[in-house]
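Asks: the following comprises the amino acid sequence and a computationally predicted model.
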Amino acid sequence: MSSRAPALAATLAKPASAPAGVPLGAMQARPAAVSPAVAPPMWLLAELTYRCPLHCAFCYNPVDYASNLNELSTAQWLDVIRQGRKLGAAQLGFSGGEPLLRDDLEELVAEGHRLGYYTNLITSGVGLSEPRIARLKAAGLDHIQLSFQDSSREMNDFLSSTRTFDLKSRVAALIKQYDYPMVLNVVLHRYNLDHVERIIEMALAMGVEYLELANTQYYGWGLVNRAQLMPSQEQLRRAEAVVNAWREKIGKRLRILFVVPDYFEDRPKACMNGWGSVFLAVAADGSALPCHAARSIPNMEFPHVTRQSLQQIWYDSDAFNKFRGDAWMKEPCRTCEDKHKDFGGCRCQALALTGDAANADPVCGKSADHDKVVRIVRQAQAAQVGQGGAQPLLFRSDANSRKLARAKK
Ligand code: SF4
Ligand code: SF4
């Protein structure tokens, strides 16, 4: 996978609408016995595996992923995909880890395509050989999102702790050759924000049609490395100015999405477009999640697709109902006029920064904990741009994951 968390979050912050190529009827399917207040999910994200050959320091996978590397079987994934479609989901994403590590990816894509989903693959590119992309095309895969870590080989390879830059460049060419829309995703942070111009030039040279420049969201490994990854306000301002200048220069030739890190805003993003509103993720081990970072919230039991149907999970489970709607909100969200715009922000961020997932996301200027966010940003500004800070980056690896899991106990 890669940078997918920010990209997905950015997408989900938009109003829900049918993705291109998706029949609208699919969005309207609703089981008869269900409360009309709860719409069916629109997106089903299958996080096929947490295994990945890369070691990104901002990876959004759970930091303790190595304690549970169980994966659903092919038959179980097929069942999930069929149930998701019956429930009304119209878009099916395959991510991970690296979804190409699953030999059954083509079979799962083919079933998704047969059922009428719009299918997309979110990949680091590792494993996307020509025979593989040809098979995926034949299976009906609609869309591929490829991640790069930077425009330079040195930084790309440093940030992923692998030598993958040349391989990714070859994969980018294959994606064009197989006539897919070229969607490139680069996660931004202190180490590469000053390279935005070169990243855009690289994207243009590759014939990219859609470039997602997603500033790091501080969950998972990004949170562990926050002090090292957080840019300065000045860096961010410069990068945004570069993006705007290029947008003017090249118009629609390359569409650039620049997702500002919410620590630098004073209103939170509408995380997941609201909990249990449009998005249903199934983790590699079969746990169903209203957001891919939701497992960071302690004392919550997440339902499992081998024990309950997706319909029961979506409509009736405690986990999906816990932060649905607005009845759970405390002040200041409860009486806030914007509560249906941003749904109180991100539950995982509220937990990480205030210790209570039911609090307002402290990114919000109205939150009593907003000063914590301001302090973190100030500390980042004081730190020397381009240097890692006191701690070295902690790269995602099985050994580091086990260490972090032990430390959590
Ligand atoms: S290590 Fe990198 S490529 Fe692999 S899943 Fe994490 S973010 Fe994606
Ligand atoms: S108080 Fe809550 S609902 Fe209002 S803007 Fe802030 S986070 Fe959003």
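Replies: Sure, I can see it. Numbering: from 1, shown residues only. Ligands and ions are numbered 1, 2, ... in the order given.

Asks: got the phi and psi for H143?
Replies: Note on H143: its backbone torsions stand at phi -160, psi 140 [degrees, to the nearest 10].

Asks: got the contact list for it?
Replies: Neighbouring residues of H143 by C-beta atoms under 8 Å, 6 or more residues apart in numbering: 118-121, 180-181, 183. For every residue, glycine as well, the C-beta is placed using N, CA and C.

Asks: can you give me the pLDDT of it?
Replies: H143 is assigned a pLDDT of 96 by the prediction.

Asks: quick one: it and L92, what's the gap?
Replies: 10 Å (C-beta to C-beta, to the nearest Å).

Asks: pull up the overlap in contacts between these two.
Replies: Joint contacts of H143 and L92 (C-beta under 8 Å, 6+ apart) are 118-120.

Asks: what residues does this structure have near ligand 1?
Replies: Taking C-beta under 6 Å from any ligand atom as the test, the list of the chain residues beside ligand 1 reads 1-2, 52, 54-56, 59, 61, 96-98, 124, 396.

Asks: on that earlier part again, just the buried ones from the contacts of H143, in PyMOL syntax?
Replies: Applying 16 or more other C-beta atoms under 10 Å to the contacts of H143 leaves a buried subset, and the PyMOL line that selects it is:
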select buried, resi 118+119+120+121+180+183
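
Asks: minimum pLDDT in the contacts of H143, which residue is that?
Replies: Among the contacts of H143, P181 has the weakest pLDDT, 91.

Asks: so that one touches G207, yeah?
Replies: No - with contact defined as C-beta atoms under 8 Å, P181 does not count as touching G207 (10.3 Å).

Asks: the lowest-mean-pLDDT helix or strand in the chain: what's the following helix or strand?
Replies: Lowest on mean pLDDT, DSSP states H and E among the helices and strands of the chain sits helix 24-28, with a mean of 33. Per DSSP states H and E, the first helix or strand lying C-terminal to helix 24-28 is strand 43-47.

Asks: got the angle for the next helix-or-strand element following that next one vs strand 43-47?
Replies: Scanning forward in sequence from strand 43-47 by DSSP H and E, the next helix or strand is helix 74-87. Going by axes from the mean of the first three to the mean of the last three C-alpha atoms, to 10 degrees, helix 74-87 is angled at 170 degrees with respect to strand 43-47.

Asks: hmm, who's touching helix 74-87?
Replies: Contacts of helix 74-87 (C-beta under 8 Å, 6+ apart): 26, 29, 31, 40-41, 44, 46, 48, 72, 92, 104, 107-108, 111-112, 115-117, 280, 282, 286, 305-306, 309-311, 314.

Asks: enumerate the positions of that helix that are buried.
Replies: Buried-residue list, helix 74-87, by 16+ other C-beta under 10 Å: 77-81, 83-85, 87.

Asks: swap in stretch 223-240?
Replies: 223-232, 235-236, 238-240.

Asks: go on, stretch 142-160?
Replies: Applying 16+ other C-beta under 10 Å to stretch 142-160 flags 142-151, 155-160 as buried.

Asks: so which of those belong to helices?
Replies: Using DSSP state H, the subset of these located in helices is 155-160.

Asks: in the stretch 201-350 of the chain, which residue sits nearest ligand 1?
Replies: Here the stretch 201-350 of the chain gets closest to ligand 1 at one residue, W221, 7.3 Å apart by C-beta to the nearest ligand atom.

Asks: confirm for me that that residue is in contact with H55.
Replies: No - W221 is beyond contact range of H55, at 9.2 Å (criterion: C-beta under 8 Å).

Asks: between the two, which one's more packed in?
Replies: W221 (27 against 18; other C-beta atoms under 10 Å).

Asks: ok, now how distant is that one from G96?
Replies: 14 Å.

Asks: can you give me the strands in this protein?
Replies: 43-47, 91-95, 118-123, 143-148, 182-188, 210-215, 255-259, 279-282, 288-289 (DSSP state E).

Asks: can you redo those as a markdown table with distance to A360?
Replies: Converted to a markdown table, those look like this (distance: least, C-beta to C-beta, whole Å):
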| stretch | distance to A360 |
| --- | --- |
| strand 43-47 | 25 |
| strand 91-95 | 29 |
| strand 118-123 | 30 |
| strand 143-148 | 31 |
| strand 182-188 | 26 |
| strand 210-215 | 21 |
| strand 255-259 | 21 |
| strand 279-282 | 21 |
| strand 288-289 | 22 |
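
Asks: got these as a markdown table, with distance to ligand 2 columns?
Replies: Shown next, in a markdown table, are those (distance: least, C-beta to the nearest ligand atom, whole Å):
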| stretch | distance to ligand 2 |
| --- | --- |
| strand 43-47 | 23 |
| strand 91-95 | 26 |
| strand 118-123 | 28 |
| strand 143-148 | 29 |
| strand 182-188 | 24 |
| strand 210-215 | 19 |
| strand 255-259 | 18 |
| strand 279-282 | 19 |
| strand 288-289 | 22 |
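
Asks: nearest to A327, out of these?
Replies: Ranking these by proximity to A327 (C-beta to C-beta) places strand 279-282 first, at 19.8 Å.
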